[in-house]
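Asker: here's a sequence, model it:
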Amino acid sequence: MIFSVSLVGGCLQLHPDRSVVSCRDTKYFAQPPVVVRRGERYLLAWTQGSYPYYFTPDYWAVDGGLVVALAAGSSSTGTGHRQEREIEGAANLAALRRGGACWLEPPSGPCVRLELVE
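Answerer: Next up, the predicted model:
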């Protein structure tokens, strides 16, 4: 998945190669995703909704924080499974610590702040 991200006049602009999915879409998420802190580690965590295929959100650092979004997945899995993905990379972790994380709603915003769970 390739994204072009720019911050123009305080407005985030995203141009994905595919549409992104809302974090409020119960087909994809039983509850909105969160960021979990375990010691020095940070993870994106979510419980899949009724969508029957595996998917993994993507993230990237921008000025002011970490942006998270999703393009539809492809391989089969059951619904209702709890999933986690570790947030890695010095720039991504610095952005997360500096400004938190937000989920980019389709088609190009707004950003919904993700809860930090300690």
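Asker: is residue 55 in contact with residue 25, as I believe?
Answerer: No - counting by C-beta atoms under 8 Å, residue 55 sits too far from residue 25 to count as a contact (11.3 Å). In this view, the C-beta of every residue, glycine as well, is placed from N, C-alpha and C.
Asker: comparing the two, which shows the higher neighbour count?
Answerer: residue 55 (19 against 14; other C-beta atoms under 10 Å).
Asker: for the chain, what's the longest strand?
Answerer: strand 29-38 (DSSP state E).
Asker: for that strand, buried residues please.
Answerer: 29, 32, 33, 34, 35, 36 (16 or more other C-beta atoms under 10 Å).
Asker: wait, which of those residues is closest to residue 104?
Answerer: Nearest to residue 104 among the buried residues of strand 29-38 is residue 33, at 11.8 Å by C-beta to C-beta.
Asker: any idea which helix or strand carries residue 22?
Answerer: Using DSSP states H and E, residue 22 sits in no helix or strand.
Asker: I meant residue 97, not that one.
Answerer: Per DSSP H and E: residue 97 is located in helix 90-99.
Asker: rounded mean pLDDT for that helix, please.
Answerer: Here helix 90-99 scores 94 as its mean pLDDT.
Asker: what residues of it count as buried?
Answerer: 92, 93, 95, 96, 99.
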